[in-house]
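Student: Take a look and give me a structure for this.
(one chain, ligands or ions: 1)
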Amino acid sequence: MGYKLITVNGGHSEKAPGAGANGYKEHEYARMIKDKVVARLKSVGVKTIDTTSNASTPSAVLAEQAKKCNAQPKGDRLDVSIHLNSGGGTGCEVLYYSEKTLAAKVSDAIADEAGWKNRGAKERKELYFLCNTSASAILIEVCFIDSKNDMKILNAKMNDIAIAIVKAITGKSVHVSKPDPKPPKKDEDGLYKVQTGAFKDKSNAEKLTKELKKKGISTFITKE
Ligand SMILES: [Zn+2]
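Tutor: Residues are numbered from 1 along each chain as shown. Below is the predicted model of the structure:
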């Protein structure tokens with residue numbers, strides 16, 4: 001927490017694609033999620049750099065990602081790479097070199113939001129991205145691209161999952177403004193009325209009025 005700079009990339013590339021299944025391609029989904037995470041990091045005021053590589057071989061992709069990350073100042077930097085898993089499982093996991101607590105937190109947050117299996121934090125000291133970036137790094141395996149159910153959830157909840165990732169990493173909530181579907185009805189006097197009860201028996205109405213007055217809420221009784 002408290003990172004001054006967060007780099008984010010979507011793994012693989014069109015010419016060096018990762019996993020694929022049922023028409024879904026890992027590099028495409030990794031980039032979609034990455035775009036949402038980058039946009040939301042910026043919206044909470046965190047300096048963010050996109051370190052995605054479009055190089056044409058797997059090793060060139062990894063080398064370019066690390067080079068872009070390491071071109072940035074090392075202090076208080078976090079490097080994030082976004083991937084999708086494959087191989088017949090389900091759920092999310094977050095791979096780390098040394099950031100075990102953060103990795104677990106991010107995995108928890110994604111699983112909470114998506115409702116799929118939380119595979120948790122996994123130490124992977126040999127992974128190129130994790131051991132060749134000069135700052136703290138995590139690699140997020142958001143879900144399984146070959147799980148139809150995971151992908152159905154991902155397609156439906158990608159925004160919320162990106163928000164959950166950003167909150168877990170930064171501690172900051174992303175404010176999503178939703179349009180109010182039904183603004184409160186304005187009466188002719190231009191007043192918004194708040195109704196607390198409707199009673200057939202006037203004495204019950206008066207009883208509630210008394211209780212509200214005790215709480216310091218001004219009330220009046222109307223009859224329709
Ligand atoms: Zn991958």
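Student: going forward, measure contacts and count neighbours with C-alpha atoms only.
Tutor: Fine.
Student: Could you tell me how many residues sit around the nearest residue to residue 37 once chain neighbours are set aside?
Tutor: In space, and not counting its chain neighbours, residue 37 is closest to residue 162: 5.1 Å by Cα to Cα, 6 or more residues apart in numbering. Residues lying near residue 162 (other Cα atoms under 10 Å) number 26.
Student: what does residue 41 give?
Tutor: With other Cα under 10 Å as criterion, residue 41 counts 27.
Student: Residue 87 too?
Tutor: By other Cα under 10 Å, neighbour count at residue 87 equals 10.
Student: what sits against the closest residue to it other than its chain neighbours?
Tutor: Distances taken as Cα to Cα, 6+ apart put residue 146 closest to residue 87, at 7.0 Å, once the chain neighbours are dropped. Residue 146 makes contact with 20, 21, 22, 85, 86, 87, 88, 89, according to Cα atoms under 8 Å, 6 or more residues apart in numbering.
Student: what's the most distant pair in these?
Tutor: 22 and 89 (14.8 Å; Cα to Cα).
Student: quick one: which of those two has more around it?
Tutor: Neighbour totals were compared for residue 22 and residue 89, and residue 89 leads with 15 against 10 (other Cα under 10 Å).
Student: is it true that the more buried one touches residue 145?
Tutor: No - taking contacts as Cα atoms under 8 Å, residue 89 lies outside contact range of residue 145: 9.2 Å.
Student: Next, residue 28: phi, psi?
Tutor: Here is the backbone geometry of residue 28 (degrees, to the nearest 10): phi -70, psi -50.
Student: For it, list the residues it contacts.
Tutor: residue 14.
Student: picking that back up, thought the residue nearest to residue 37 was touching residue 35?
Tutor: No - taking Cα under 8 Å as the definition, residue 162 is not a contact partner of residue 35, at 9.0 Å.
Student: Next secondary structure after the helix ranked longest in the chain?
Tutor: The longest helix of the chain (DSSP state H) is helix 148-170. For helix 148-170, the following helix or strand on the C-terminal side (DSSP states H and E) is helix 202-214.
Student: how far is that next one from where the chain is centred?
Tutor: 46 Å (Cα atoms, centre = their mean, to the nearest Å).
Student: what's the spacing between residue 81 and residue 11?
Tutor: Taking Cα to Cα, to the nearest Å as the measure, residue 81 falls 6 Å from residue 11.
Student: Name the residue in those two with the higher neighbour count.
Tutor: More crowded of residue 81 and residue 11, by other Cα under 10 Å: residue 11, with 31 against 25.
Student: what residues are up against the more buried one?
Tutor: 18, 26, 27, 30, 31, 52, 53, 81, 82, 83.
Student: Which ones among those residues lie within helices?
Tutor: Using DSSP H, the contacts of residue 11 in helices are 26, 27, 30, 31.
Student: And the longest helix of the chain, what's buried?
Tutor: Neighbour-count burial for helix 148-170 flags 150-151, 153-154, 158-170 (criterion: 16 or more other Cα atoms under 10 Å).
Student: among the ones in helices among the contacts of residue 11, who's most crowded?
Tutor: Counting by other Cα under 10 Å, top hit in these: residue 26 with 27 neighbours.
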